[in-house]
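In: structure for this input, please:
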Amino acid sequence: MKSTTKKGLTLIEILIAMALLAIITVFGTSIMGVFVKGGEATAKATGVQDSLRVTSSTVKNVIMNASSIFILNDSAFDPSNHTPGWSYIGLETNADGKDEVVHYIYNPESAADTSLDTHNRVVLCHPTSGAALDLNFTTDSENPSKVNFTTKAINDDSSEISRIESSTESLNASNIINWSTSTSKAIAYRVEGFEVDAGTEIVYQPALIGFTLDKSGSMNWDMAGNSTSDPTKRRTYFLRNSLYNFVNKFADTPGVYITSNAFGWSVDAADVRSPKELVSPDLDDLRYMFNPSTYANNGYPSGTDFIRPDGNTNGGDGLRILYHQMRGDLPAAANYVDPPGVADMKKMYIVVSDGENNTLTFENSFNQDHDIDLVYRGPKFTITTTEDYTWHTTATKAGVNYHVESNLSKPFGNSYMISIAKFIVANEPADTEYFAIAVGKPLTFFHSLGEAFGHGAPTSDAYKKHMFTAETADQLDAAFVSIMDTVSMNIELLRGPNR
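Out: Model prediction:
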């Protein structure tokens with residue numbers, strides 16, 4: 001019988017097998033590690049991206065529906081400085097030293113109950129382990145009602161995990177106001193109708209808009225400067241239509257007042273209107289006063305006839321009386337009442353003239369003796385140039401001394417108006433704005449008026465924003481629309497959040 005002998009593995013074979021197993025184990029573990037880490041990274045990126053999407057969606061919704069939006073300097077995003085009536089979205093550093101996207105939502109109940117926080121804090125996006133968040137807002141250079149913003153997450157090594165770039169246009173805010181000098185990490189917004197509880201009012205700095213309106217005979221012409229018997233083709237008719245639209249633009253805006261006067265030979269007491277707030281019942285009075293339908297015939301209903309064309313052009317007196325109306329120091333006149341705090345209001349002057357020469361002077365209108373106490377009380381004007389026309393007078397009327405010196409080329413009326421414009425700019429607050437519309441083809445003096453108002457030459461951006469020529473009804477309407485946009489921006493700034 002044949003016997004067989006079974007051999008075991010040699011020591012060398014065992015060692016080789018163990019080495020191969022070790023290699024396979026190490027390799028397999030490495031592969032598993034790669035898959036685990038990759039899965040973790042994917043999960044991290046997915047989680048971050050989902051959070052960024054939620055944040056981006058919330059910001060889009062806010063921008064779309066807000067009635068006012070301010071892009072803030074980063075330092076303004078401070079809970080201790082938040083303004084009642086305004087909500088905020090921005091980056092805030094948490095207790096762990098990480099930035100998170102936070103939404104501070106205004107609580108209207110806090111207006112009546114001071115024990116409540118003015119804002120409720122909601123975290124929109126938490127920072128994940130090993131990642132930092134970033135948020136940036138900028139305005140759009142082509143669309144003033146659009147906000148561009150970026151939300152992103154960054155690794156500790158500064159590599160980017162995820163980014164979402166968005167651009168959203170507001171349906172209600174016509175101008176996004178940018179207080180930031182570069183990119184900003186926060187915005188403040190307000191939604192009209194949700195600022196405060198019923199019966200509770202937030203007090204804003206008031207604004208006073210002053211019009212001085214030409215009622216000289218040429219305002220009875222059509223826009224091309226021709227005589228017309230049709231009241232609905234006259235310059236005055238289109239002017240009233242634009243004024244009516246202006247009032248409706250800011251209707252029901254508390255704290256906004258309109259005052260006006262009209263100049264012909266001079267400015268009589270009957271030509272001066274008290275400041276009226278753009279809320280009822282004053283709003284109804286303004287709408288009636290400027291309604292073009294009341295000018296469709298020659299009846300000129302009571303309360304509207306102060307714009308009725310009559311006499312010559314004395315824009316100098318119109319501006320000077322408006323100055324006193326805007327400052328609250330107009331001498332007492334029948335039916336004229338200043339609102340409280342008029343001297344501290346944000347002021348905007350608007351001059352509407354036929355663009356022709358101002359044919360009347362201080363001297364002419366002084367001799368007309370029109371309501372001397374009303375018209376001539378106030379500052380002294382000293383006007384000097386090297387031109388060849390000279391007039392000098394020191395006179396007393398109604399117990400008041402008046403003094404004017406001039407050495408001016410004719411027509412003196414233009415120089416009178418321009419000199420008063422310079423005086424007003426020198427004496428009003430620096431943030432006062434000045435606009436002018438020349439109805440018809442303007443003469444050179446209109447450019448000088450723009451320079452007197454501080455707008456520079458006709459080619460400058462400031463001049464184009466404040467000085468307008470209207471040779472057609474459409475151009476007149478466009479001029480008022482442009483002024484309304486700037487006025488609207490000013491009002492928004494007055495109602496803006498704390499800086």
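In: Val247 touches Leu283, doesn't it?
Out: Yes - between Val247 and Leu283 there is a contact at 7.2 Å, judged by CB atoms under 8 Å. Any C-beta I mention is one placed from the backbone N, CA and C, and that applies to glycine too.
In: comparing those two, which residue is more hemmed in?
Out: Set side by side, Val247 and Leu283 show more neighbours around Val247, with 22 against 19, by other CB atoms under 10 Å.
In: name the SS class of that one, please.
Out: helix (DSSP: H, G, I helix; E, B strand; the rest coil).
In: give me the nearest residue to it, chain neighbours excluded.
Out: Leaving aside its chain neighbours, Val247 sits nearest to Leu286 (4.7 Å; criterion: CB to CB, 6 or more residues apart in numbering).
In: wasn't the one you found part of a strand?
Out: No - counting by three-state DSSP, Leu286 is not part of a strand but helix.
In: need the strands for the stretch 1-150 of the chain, in chain order.
Out: Under the criterion DSSP state E, counting those that start in this stretch, strands of the stretch 1-150 of the chain are mapped to 68-71, 87-93, 99-106, 119-125, 131-139, 146-155.
In: who's in contact with the residue nearest to Val247?
Out: The neighbours of Leu286, taking CB atoms under 8 Å, 6 or more residues apart in numbering as the test, are 247, 258, 276, 278.
In: circling back to that earlier point, tell me the most buried of the strands of the stretch 1-150 of the chain?
Out: strand 68-71 (a mean of 25; mean count of other CB atoms under 10 Å).
In: tell me which helix or strand of this protein sits lowest on mean pLDDT?
Out: Using mean pLDDT, DSSP states H and E, helix 372-376 stands out as the lowest-scoring helix or strand of the chain, at a mean of 39.
In: any stretches of the stretch 351-499 of the chain with poor pLDDT?
Out: Residue ranges of the stretch 351-499 of the chain with pLDDT under 70: 355-413.
In: ugh, wrong one, the stretch 151-300 of the chain
Out: Ranges of the stretch 151-300 of the chain meeting pLDDT under 70: 192-204, 265-266, 294-300.
In: tell me where it has helices.
Out: In chain order, the stretch 151-300 of the chain shows helices spanning 235-249, 282-290, with DSSP state H, counting those that start in this stretch as the criterion.
In: ok, so of the contacts of Leu286, who is nearest Ser293?
Out: Val247 (14.0 Å; CB to CB).
In: residues contacting that closest one?
Out: 258, 278, 283, 286-287, 290.
In: how close does it sit to Lys215?
Out: In this view, Val247 and Lys215 are 19 Å apart by CB to CB, to the nearest Å.
In: Phe446 now?
Out: Counting by CB to CB - Phe446 and Lys215 are separated by 18 Å.
In: look at the two and report which has more neighbours.
Out: Neighbours were counted for Phe446 and for Lys215 using other CB under 10 Å; Lys215 has more, 27 against 22.
In: identify the residue nearest the more buried one in space, chain neighbours excluded?
Out: Here the residue nearest Lys215, using CB to CB, 6+ apart, is Ala262, at 4.3 Å.
In: the one you found reaches Asp317, doesn't it?
Out: No - with contact defined as CB under 8 Å, Ala262 does not count as touching Asp317 (10.4 Å).
In: from the neighbour counts alone, determine which of the two ranks first.
Out: The neighbour count for Ala262 versus Asp317, taken as other CB under 10 Å, is higher for Asp317 (33 against 26).
In: for that one, give its distance to Ser460.
Out: Counting by CB to CB, the gap from Asp317 to Ser460 is 28 Å.
In: ok, now Asp50?
Out: Taken as CB to CB, the span from Asp50 to Ser460 is 50 Å.
In: please apply the same query to Phe149.
Out: 33 Å.
In: same deal with Thr232?
Out: 36 Å.
In: of the contacts of Val247, closest to Asp117?
Out: So of the contacts of Val247, ranked by how close each gets to Asp117 (CB to CB), first place is Leu278, at 33.0 Å.
In: hang on, the earlier thing: most tightly packed of the helices of the stretch 151-300 of the chain?
Out: When those are compared using mean count of other CB under 10 Å, helix 235-249 is most buried, at a mean of 21.
In: from the chain's centroid, how far away is that helix?
Out: With CA atoms, centre = their mean, to the nearest Å as the basis, helix 235-249 stands 21 Å off its chain's centre.
In: angle of that helix against helix 282-290?
Out: Relative orientation of helix 235-249 versus helix 282-290 (axes from the mean of the first three to the mean of the last three CA atoms, to 10 degrees): 160 degrees.
In: ok, Ala462 - contacts?
Out: Ala462 neighbours (CB under 8 Å, 6+ apart): 454-456.
In: any idea how far it is from Thr93?
Out: For Ala462, the distance to Thr93 - CB to CB - is 41 Å.
In: in the sheet, who's paired with Gly263?
Out: Rather than Gly, residue 263 is Phe. Going by DSSP bridges, Phe263 is paired in beta bridges with Asp214.
In: now do the domain split for this structure, please.
Out: Domain assignment for the chain by automatic domain parsing gives 55-190, 207-494.
In: can you list those domains in JSON lines and add distance to Leu21?
Out: Shown next, in JSON lines, are the domains of the chain (distance: least, CB to CB, whole Å):
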{"stretch": "domain 55-190", "distance to Leu21": "35"}
{"stretch": "domain 207-494", "distance to Leu21": "75"}
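In: closest to Ile23 out of the ones you listed?
Out: Closest approach to Ile23 among these (CB to CB): domain 55-190, 31.8 Å.
In: before we move on, the earlier item: relative to Ser166, which of the strands of the stretch 1-150 of the chain is closest?
Out: Across the strands of the stretch 1-150 of the chain, closest to Ser166 is strand 146-155 (CB to CB), at 5.6 Å.
In: other SSEs contacting that closest one?
Out: helix 11-65, strand 131-139, strand 160-169 (3 or more CB pairs under 8 Å, 6 or more residues apart in numbering; DSSP states H and E).
In: return the member of those having the minimum mean pLDDT.
Out: The minimum mean pLDDT among those belongs to helix 11-65 (a mean of 68).
In: how much space separates the residue nearest to Val247 from Ala343?
Out: 22 Å.
In: Phe453 now?
Out: Distance from Phe453 to Ala343, by CB to CB: 21 Å.
In: who has more neighbours, those two?
Out: Phe453 (24 against 13).
In: could I get the phi/psi values of the residue lying closest to that one once chain neighbours are set aside?
Out: Spatial nearest neighbour of Phe453, excluding adjacent residues (CB to CB, 6+ apart): Tyr434 at 3.9 Å. Phi and psi for Tyr434, reported as degrees, to the nearest 10, are phi -130, psi 130.
In: what are the buried residues along stretch 53-60?
Out: Neighbour counts using 16 or more other CB atoms under 10 Å place 55-56, 58-60 of stretch 53-60 among the buried residues.
In: same deal with stretch 470-484?
Out: For stretch 470-484, by 16+ other CB under 10 Å, it's 470-471, 473, 475-476, 479-480, 482-484.
In: select from those every entry located in strands.
Out: Taking DSSP state E, the ones among those that sit in strands are Ala470.
In: need the buried residues of stretch 470-484 in CSV (columns: distance to His103).
Out: Listed next are the buried residues of stretch 470-484 as CSV, based on distance: CB to CB, whole Å:
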residue, distance to His103
Ala470, 46
Glu471, 51
Ala473, 47
Gln475, 45
Leu476, 45
Ala479, 41
Phe480, 38
Ser482, 35
Ile483, 36
Met484, 32
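In: quick one: contacts for the nearest residue to Tyr257 once chain neighbours are set aside?
Out: Among residues not flanking Tyr257 along the chain, Pro275 sits closest, at 4.0 Å (CB to CB, 6+ apart). Residues in contact with Pro275, defined by CB under 8 Å, 6+ apart, are 208, 257-259, 325, 338-339, 342.
In: cool, Pro127 as well?
Out: Neighbouring residues of Pro127 by CB under 8 Å, 6+ apart: 94, 96, 98-100, 133, 153.
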